[in-house]
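Colleague: structure of the sequence below:
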Amino acid sequence: MNFDTDNHHTSAMKVEEIITALHQASNPASVTGMQRFGIDTTHALGIPIPALRSLAKKLKKNHTLALQLWETNIHEARILAGMIDDPLLVTPEQMDTWANDFNSWDVCDEVCGNLFDRTPFVLDKIKAFSNSKHEFIKRAAFTLMAEYAVHNKTAGDEVFMAFFPIIEREAWDDRNFVKKAVNWALRATGKRNGILHNQAILCTQKILLQDSKAAKWIAKNALQELEARVTSIAN
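Modeller: Model prediction:
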């Protein structure tokens, strides 16, 4: 799927032109496929992520355009907004506004992994979002933990050690998109290095003691992967 091969023109595109291009690239069959993965397709066009990444690369970083794209309420336009926004220009208020608009796990994960985890406010938002009653805001907290563990190469272990009490505290939540993100955060943090791996194992053992189906699933699933990692290293 090719939006525009003229990079010079693409980087100067206005929001109206981008929306027109997105509509031209829409694929109803893909929308049906998205539904099978639990994606809210109310405002979706059915454009694959690689195509959006390609367009984002041509558009380059543009904070104002990102804000305009978000306001369109189009599923793919919002994912694209997260790809082209400048994390250094994002405010805590914008993060709250966008998170409050999350209505699908893929928009949540793409925005968190492409933008929010690179802002100066990521750790504060992890704490704040983890207390939310909104399913996708709460998911964002744990998605951010996982993405931050993968993308931030310089943060000290103490930053990630602070994640485990939050993971343990919220492991009771049996909402599908929350418990899967809690599990993801636990696994990703534990795979960062040996020290955090040991702490993740301890965290899973504490979670196993909780009287909750969600907690037991989170812990057993994470433990399986974390212990497999030890075996693979040993071999």
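
Colleague: ranking helices and strands of the chain by mean pLDDT, which lands last?
Modeller: Across the helices and strands of the chain, mean confidence by mean pLDDT, DSSP states H and E is lowest for helix 7-11: a mean of 58.

Colleague: residues in contact with the helix or strand where Lys179 lies?
Modeller: Assessed by DSSP states H and E, Lys179 sits inside helix 176-190. Residues external to helix 176-190 that are found in contact with it (CB atoms under 8 Å, 6 or more residues apart in numbering): 38, 105, 108, 135-136, 138-139, 141-143, 145-147, 149-150, 160, 163-164, 167, 170-171, 173, 196-197, 199-201, 203-204, 214, 217-218, 221-222, 225-226, 229. No exception for glycine: its C-beta is placed from N, CA and C like everyone else's.

Colleague: then that helix to PDB, C-alphas only?
Modeller: The C-alpha trace of helix 176-190 is given here as PDB (Å, rounded to 0.1, in the frame of the first residue of the first chain):
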ATOM      1  CA  ASN A 176      -9.200  -9.100  29.300                       C
ATOM      2  CA  PHE A 177      -7.300  -6.100  28.100                       C
ATOM      3  CA  VAL A 178      -6.100  -5.200  31.500                       C
ATOM      4  CA  LYS A 179      -4.900  -8.600  32.700                       C
ATOM      5  CA  LYS A 180      -3.000  -9.300  29.400                       C
ATOM      6  CA  ALA A 181      -1.200  -6.000  29.800                       C
ATOM      7  CA  VAL A 182      -0.300  -6.700  33.500                       C
ATOM      8  CA  ASN A 183       1.100 -10.000  32.300                       C
ATOM      9  CA  TRP A 184       3.000  -8.300  29.500                       C
ATOM     10  CA  ALA A 185       4.500  -5.800  31.900                       C
ATOM     11  CA  LEU A 186       5.600  -8.500  34.300                       C
ATOM     12  CA  ARG A 187       7.300 -10.500  31.500                       C
ATOM     13  CA  ALA A 188       8.900  -7.600  29.800                       C
ATOM     14  CA  THR A 189      10.300  -6.200  33.000                       C
ATOM     15  CA  GLY A 190      11.600  -9.500  34.100                       C
END
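
Colleague: before I go, just wanted to say thanks for your time.
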